[in-house]
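Colleague: Here is a sequence together with a model predicted from it:
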Amino acid sequence: MTKTIAQRELRNDNARVIDEVVSGQTFLVTRNGVPVAELRPVQRPRRAFVPKVGLQALAAAGPHLDAARFRSDLDRTIDQGM
């Protein structure tokens, strides 16, 4: 939910407002009652690199796949002659 605050409140209570933004709150800042800015948390980019240890942990927690059965299922499903 977006809270509306006056520019004066942002100036006077900057630390509190920033703490609320860090916790996920979005603010619409007004000057003389007219919206002029939006203050919101920065969207952190998704991590593109997954460490080897993390990948190994995910694989160990997942279901076991039988390679021969998987290949057989693929051959049955996909026409390899194309």
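Modeller: Noted; the coordinates are in hand.
Colleague: wait, is Arg69 part of a helix?
Modeller: Yes: following the definition DSSP: H, G, I helix; E, B strand; the rest coil, Arg69 is counted among the residues of a helix.
Colleague: Now do the same contact list for the closest residue to Thr4 other than its chain neighbours.
Modeller: With Cβ to Cβ, 6 or more residues apart in numbering as the criterion, Thr4 has its nearest non-adjacent residue at 4.7 Å, and that residue is Leu28. C-beta coordinates here come from the backbone N, C-alpha and C atoms, glycine included. Neighbour list for Leu28: 2-5, 35, 37-39 [criterion: Cβ atoms under 8 Å, 6 or more residues apart in numbering].
Colleague: Surely Leu28 is in a strand?
Modeller: Yes: judged by three-state DSSP, Leu28 forms part of a strand.
Colleague: Just the buried residues of the contacts of Leu28.
Modeller: Restricting the contacts of Leu28 to buried positions leaves 5, 39, with burial counted as 16 or more other Cβ atoms under 10 Å.
Colleague: out of the contacts of Leu28, who's nearest Val21?
Modeller: Leu39 (5.9 Å; Cβ to Cβ).
Colleague: Can you tell me how far the closest one is from Thr77?
Modeller: Taken as Cβ to Cβ, to the nearest Å, the spacing of Leu39 relative to Thr77 amounts to 52 Å.
Colleague: quick revisit: relative to Leu74, how far out is the residue nearest to Thr4?
Modeller: Summarising the geometry, the distance separating Leu28 from Leu74, computed by Cβ to Cβ, is 53 Å.
Colleague: ok, now Gly62?
Modeller: Summarising the geometry, the distance separating Gly62 from Leu74, computed by Cβ to Cβ, is 18 Å.
Colleague: With Glu9 instead?
Modeller: Here the distance between Glu9 and Leu74 works out to 62 Å (Cβ to Cβ).
Colleague: Just want to know which of the two has more residues nearby.
Modeller: For the pair Glu9 and Leu74, the greater number of neighbours falls to Glu9 (16 against 10), based on other Cβ atoms under 10 Å.
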